[in-house]
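A.B. asks: Structure here, sequence nowhere to be found:
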């Protein structure tokens, strides 16, 4: 298994804890939640079940179908034949009876795995109350019982289990939020699969599929990165050409609302305030918008941050999911693209411009690695973008600001370049102009460190001194 060392260690610790455990694992669709549980607990499951996914165009699967499917799982795991459950309360009662009947009294662990739990909670099904009754009345008192629940609908897991204020309050004994691979883990994945990508190409693959193992698993070792991209996205019946719609339909109950917000956020790298989002989409700035935004944040499609110099009431929402950014930039228009679009346009101005913006997003997703390279991993900091335009001053935009509590501000310029980056006289002046504008807006006791984050490095010339720190792509791995 690539990465996941901490998660594997914790799951094994919980398995051997000698007490009842209710573990919630959540994370973005295709990030590897089920794979993690399968690999750690292979051959140790007492009972496992996965909720039925809604079909295309459906909001949910009807209660009868979910109950019938649960009954079949019980039957598969050895429960004697009986009447099918009519309610979720009946279903969990059958599960309790079955687990008691096969418990030999030795205290050996009984491991239950219920995958895609949110899909079971269909409208007016009573699922959550029944699950609450199962755990509070019976499960939490069984020292040999471990229940693992999984779901891609992060907001459902958070609202109904982890942050539940009713009968399941504080009942989850451990939570794991499974994150996409970092670039370093992506490199391990490709090496294990014997795929010979350079780090330059690995960063480009991250710009497209992020650190999602499921998508990376489609890469063909016999093809170049460009050929792989065409095969996955642009060829006729390409395997990931419909993934964007499937992704939203499987995670959100109102996918068109979330897709409209994501499409809007893809138009501006720095993002929008919620007031701007409401105005541009023509919707009310109320509770429903909060619900959609919170669901997108919980699912790691977007982040919420306060741009430097703004008040907390002007929080911005920024799209950070690489797959969504790529899809909307090149496929979201609905136009038919040639089957070899990427190979034909690999050096085009349009793709080069996109790489520049996408590399900024890669850096936003690797703040920890950037701080480690700067030697400030232990320093408390906040990260932000900054843009400023005033009548009497030239406008400026800073890709990334790292505001540190040791009185230093890293003003980061992010450049995706096919060679060493070269500073000319005009750019040298631009850097110092940005420094002067920034200096007017920070504490007088703070120092500004101009920081270049680029692919290969900085060409040494008389203007190279514009940067205090230079980080290359190597430090992102």
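C.D. replies: Everything's here; your move. These numbers come from a predicted model, not from an experiment.

A.B. asks: Mind jotting down where the helices sit in the stretch 201-350 of the chain?
C.D. replies: Under the criterion DSSP state H, counting those that start in this stretch, the stretch 201-350 of the chain contains helices at 213-216, 225-229, 243-251, 255-265, 274-281, 287-298, 322-330, 341-344, 349-364.

A.B. asks: cool, the stretch 51-200 of the chain as well?
C.D. replies: Ranges of helices within the stretch 51-200 of the chain are 63-76, 88-101, 117-120, 127-133, 154-157, 183-192, 199-209, based on DSSP H, counting those that start in this stretch.

A.B. asks: So for residue 82, which of the helices of the stretch 201-350 of the chain sits nearest?
C.D. replies: Taking Cβ to Cβ, helix 243-251 is the member of those nearest to residue 82, at 32.2 Å. (Glycine included, C-beta is placed from N, CA and C.)

A.B. asks: what residue ranges in this protein score low on pLDDT?
C.D. replies: Across the chain, the ranges flagged by pLDDT under 70 are 56-59, 389-395.

A.B. asks: Spell out, range by range, the strands that occur in it.
C.D. replies: 21-27, 47-50, 110-115, 145-151, 174-178, 272-273, 302-305, 316-319, 381-390, 393-404, 408-415, 447-454, 469-471 (DSSP state E).

A.B. asks: And the third one, what does it pack against?
C.D. replies: Strand 110-115 is packed against helix 33-40, strand 47-50, helix 88-101, strand 145-151, with contacts defined by 3 or more Cβ pairs under 8 Å, 6 or more residues apart in numbering; DSSP states H and E.

A.B. asks: how big is the angle separating the longest one from strand 110-115?
C.D. replies: Okay, so that is helix 88-101. On the basis of axes from the mean of the first three to the mean of the last three Cα atoms, to 10 degrees, helix 88-101 is oriented at 150 degrees to strand 110-115.

A.B. asks: Which residues does helix 88-101 contact?
C.D. replies: 46-47, 67, 70-71, 74, 77-79, 82, 85, 110, 112, 120, 125-127, 129-131, 133-134, 138, 142, 145 (Cβ atoms under 8 Å, 6 or more residues apart in numbering).

A.B. asks: on that earlier part again, highest mean neighbour count out of the helices of the stretch 51-200 of the chain?
C.D. replies: When you average the neighbours per residue for each of the helices of the stretch 51-200 of the chain (mean count of other Cβ atoms under 10 Å), helix 117-120 leads with a mean of 25.

A.B. asks: Which other helices and strands does it contact?
C.D. replies: Using 3+ Cβ pairs under 8 Å, 6+ apart: helix 117-120 touches helix 63-76, strand 145-151, helix 154-157.

A.B. asks: ok, now with 6 Å
C.D. replies: For helix 117-120, the elements it packs on are strand 145-151, judged by 3 or more Cβ pairs under 6 Å, 6 or more residues apart in numbering; DSSP states H and E.

A.B. asks: got the contact list for the strand it packs on?
C.D. replies: Outside of strand 145-151, the residues within contact range by Cβ atoms under 6 Å, 6 or more residues apart in numbering are 20-26, 33, 37, 110-118, 139, 157.
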